[in-house]
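Undergrad: Sequence below, structure please.
(one chain, ligands or ions: 2)
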Amino acid sequence: MAKTLAEKILGEHIVEGKFRRGQEIGIRIDQTLTQDATGTMAYLQFESMGIDRVKTDLSVSYVDHNTLQTDFRNADDHLFLQSIAEKYGIWFSRPGNGICHQVHLERFAVPGGTLLGSDSHTPTAGGAGMIAIGAGGLDVACAMAGEPFYLTAPAIVNVKLEGKLSAFVSAKDVALDVLRRLGVAGGFEKILEYTGDGVKTLGVPERATITNMGTETGATTSVFPSDGVTKSFMEQEGRGKDWVEISPDAGAKYDEEITIDLSKIEPLVAAPHSPGNVKKVRDVSGTKVNQVMVGSCTNSSLADLKIVANLLEGRVVNKGVSLFIAPGSRQVVEHLIESGEMNMLVSAGARILECACGPCIGMGGAPPSGSVSVRTFNRNFPGRSGTSDAGVYLSSPAVAAACAVTGEISDPRDVFDAHTLEKVSLPKRFIIDDSMIIPPGKGGKGVKIIRGPNIKPMPAFEPVLKGGRISGEVLLKVGDDISTDDIMPAGAKILPLRSNIPEISKFVFSAVDEDFAKRAAQKHGGFIIGGKNYGQGSSREHAAIAPRYLGIKAVIVKSFARIHAANLVNFGILPLEFENPEDYDGVAAGNDIEIITGNLISGKLIMKNKTERADIPLKHNLGERDIRYIIAGGKLNYVGGKFGESKND
Ligand code: MIC
Ligand code: SF4
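TA: Numbers count the residues shown, from 1 in each chain. Ligands and ions are numbered 1, 2, ... in the order given. Alright, predicted model coming up:
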């Protein structure tokens, strides 16, 4: 039977189940990646499994998020991660080497393989023909221990690209166009597979921009075929031998089809405060801009920065704007220096940051009060920039350059001469310098793990379910599209606590309701009620571990985002949904509720709202394995039993 590209790659990696839409499959993971903000917890969990060495073909630990070292904590975490990598046979990309997804694409991605990463933008590697999926740290730890990764077999959407992009329209605008069509939850349990003649007009980094931002639709992943363009990219990276051709069979059947004529797309932005709030640049042009940022795993490739450098050549950033540039990797920086384009950026007045996530995760660069920041990033959730009343627009590098010059939201077609783009050319071979990536050595028992005082062991959790019912108070009721940035904020103040659950728990929902953590502690836990797409955004499992630490037993919503629902299960919190979404209105914060869960297998539950004297039917999407995890009090308890005693020293 003719197969889609995703079916081919997944088919070669299935170790449990059959690929039938909506059913659970277990797949073998070839590669894993972690970053420092999720990695410390993931490796603490991995250590507790008592495995001697990772069982994947390749595992890489990156340091790119927590690089603003305002005290010892982030620096201690980096040393911990380096010693863990040495002990367990993991590649270690040192601080300053670049953003995990950019470096992984350049140096490690292999077409046809599977990659699991403890970061939601892991699908970036789909630009090079990998099935690359974001997951919670515990799932990645299990993959490193050789366990399959379990997921619901997604529907496969054929995103057919036709034609060619016009001048000043880029891959970012394609990603935004996809978001305009699907919204922030339209990709749920889907793989976006790109096909059509338009594919060959896009380079691998451009494809990676599109697969990166597919995450914002809630998609399981996005993938491009591996073709001649992929081959040239891998040859440029000196990895031609890793290239294989892989594409869908002619006549492959898809669950859905979307056709995008690239020539019809025009410059777009996502307006505050959602990546799904897509507008034409021309419809918002003239809005005053105070800050412009170029970087992040979406748009920090060499081509992206070359475009900005050449557009800014001979100009100076508008006096009302502060322009920040965070290149994606050292490879990008070395090229920009060699070609003289770095100088164009510096002369234009750009503030050059290190190769890291930086302001994308609120690690510095917060905009002024009430201001507008235009960023080439992928998320503009409220407060993520570090300034709660700032408005962040997401744009392409060319739009960002136009805004930097004019001081207002501007269409680059109105600001620059299209001939300038002809000066942007990529080298035949990239500068290859892996000296900041430490390869795995012999490792083993002799390697001492360096554990700073802020690194606290993973807390042990009891099962929340006792006797087929749970009761308590509704501690908080929130609306639709609550992101993990709302649940467990990031930023320079809170991120250093990622390896310290008792401390980070104090900040759960802190931007939504200051007293949440205190109230949860006083009431010995309780419940959260939410709307649609609850938990969208990042893969951070802290958005489940910390609420669990505060005693949250169940989260009851209209619908969940994929990674967050899996993280709740992993840490023993019941993810429940209203059978009838309108029943959301029948429960309020402060209500006393009891949930009759029965044995969970039936999937039907009743919530007794004792305050309102009403019975509300609930449901869940838990498979048998999930139920086992919930009953055990979380996946670590369950899997821990399988691997033996905790080895955390
Ligand atoms: C993000 O972009 O929100 C992050 C920070 O990269 C997260 C991971 C984290 O919270 O550490 C993600 O996307 O998964
Ligand atoms: Fe880093 Fe931002 Fe990408 Fe997350 S989205 S990995 S914070 S650059």
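Undergrad: dump the residue contacts of whatever residue of the stretch 201-350 of the chain ends up closest to ligand 1.
TA: The stretch 201-350 of the chain approaches ligand 1 most closely through residue 215 (7.3 Å), counting by CB to the nearest ligand atom. Yep, even glycine has a C-beta here, placed from its N, CA and C like the rest. The neighbours of residue 215, taking CB atoms under 8 Å, 6 or more residues apart in numbering as the test, are 120-121, 123, 134, 378.
Undergrad: Tabulate those residues (JSON lines), appending neighbour count and pLDDT.
TA: Listed next are those as JSON lines, based on neighbours: other CB atoms under 10 Å; pLDDT from 0 to 100:
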{"residue": "120", "neighbour count": "27", "pLDDT": "98"}
{"residue": "121", "neighbour count": "29", "pLDDT": "99"}
{"residue": "123", "neighbour count": "30", "pLDDT": "99"}
{"residue": "134", "neighbour count": "26", "pLDDT": "98"}
{"residue": "378", "neighbour count": "25", "pLDDT": "98"}
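Undergrad: what two of the residues you listed are the furthest from one another?
TA: Pairwise distances across the contacts of residue 215 (CB to CB) peak at 12.2 Å, for the pair 134 and 378.
Undergrad: Which residues are in contact with each of these two?
TA: Both residue 134 and residue 378 are contacted by 121, 215, under the criterion CB under 8 Å, 6+ apart.
Undergrad: Can you get me a residue count around residue 582?
TA: Neighbour count for residue 582, taken as other CB atoms under 10 Å: 8.
Undergrad: Could you look up the SS state of it?
TA: Secondary structure assignment for residue 582 (DSSP: H, G, I helix; E, B strand; the rest coil): helix.
Undergrad: Check what pLDDT it gets.
TA: We have a pLDDT of 98 for residue 582.
Undergrad: Distance-wise, check it relative to ligand 2.
TA: Distance, residue 582 to ligand 2, using CB to the nearest ligand atom, to the nearest Å: 35 Å.
Undergrad: Next: residue 151.
TA: 21 Å.
Undergrad: wait, is that residue part of a helix?
TA: No. Secondary structure assignment (three-state DSSP) places residue 151 in strand, not in a helix.
Undergrad: Check it and give its pLDDT.
TA: Looking at residue 151, the pLDDT reads 97.
Undergrad: ok, now which ones touch it?
TA: Counted by CB under 8 Å, 6+ apart, residue 151 has contacts 24-25, 27, 133, 220.
Undergrad: what bridges to it?
TA: Counting by DSSP bridges, residue 151 is bridged to residue 25.
Undergrad: Which residue would be the closest one in the stretch 501-649 of the chain to ligand 2?
TA: Scanning the stretch 501-649 of the chain for the residue nearest ligand 2 gives residue 538, at 6.9 Å (criterion: CB to the nearest ligand atom).
Undergrad: In contact with the nearest residue to that residue once chain neighbours are set aside: list those residues for me.
TA: Leaving aside its chain neighbours, residue 538 sits nearest to residue 484 (4.6 Å; criterion: CB to CB, 6 or more residues apart in numbering). Neighbouring residues of residue 484 by CB under 8 Å, 6+ apart: 535-540, 543, 564.
Undergrad: Keep only those residues that also lie close to ligand 1.
TA: 537-540 (CB under 6 Å from any ligand atom).
Undergrad: on that earlier part again, among the contacts of residue 484, which pair sits farthest apart?
TA: Farthest-apart pair in the contacts of residue 484 is 536 and 540; separation 12.1 Å (CB to CB).
Undergrad: sorry, back to before: wait, a strand at the residue of the stretch 501-649 of the chain closest to ligand 2?
TA: No. Looking at residue 538 with three-state DSSP, it is coil, so not inside a strand.
Undergrad: Report the buried members of the contacts of residue 484.
TA: Among the contacts of residue 484, the ones that count as buried by 16 or more other CB atoms under 10 Å are 535-540, 543, 564.
Undergrad: ok, these vs residue 14, which is closest?
TA: Nearest to residue 14, judged by CB to CB, of the buried ones among the contacts of residue 484 is residue 539 at 22.5 Å.
Undergrad: ok, so what distance separates that closest one from residue 476?
TA: To residue 476, residue 539 is 22 Å away according to CB to CB, to the nearest Å.
Undergrad: OK, contacts around the one residue in the stretch 251-400 of the chain that gets nearest to ligand 1?
TA: Closest contact between the stretch 251-400 of the chain and ligand 1, by CB to the nearest ligand atom, is at residue 361 (4.5 Å). Residues near residue 361 by CB under 8 Å, 6+ apart: 37, 65, 384, 490-491, 495.
Undergrad: partners of residue 324 in the sheet?
TA: Assigned bridge partners for residue 324, using DSSP bridges, are residue 293, residue 351.
Undergrad: Which residue, other than its chain neighbours, is closest to residue 606?
TA: Of all residues not flanking residue 606 in the chain, residue 596 sits nearest, at 4.7 Å (CB to CB, 6+ apart).
Undergrad: Go ahead and confirm the one you found touches residue 468.
TA: Yes. Residue 596 is within contact range of residue 468, at 6.7 Å (criterion: CB atoms under 8 Å).
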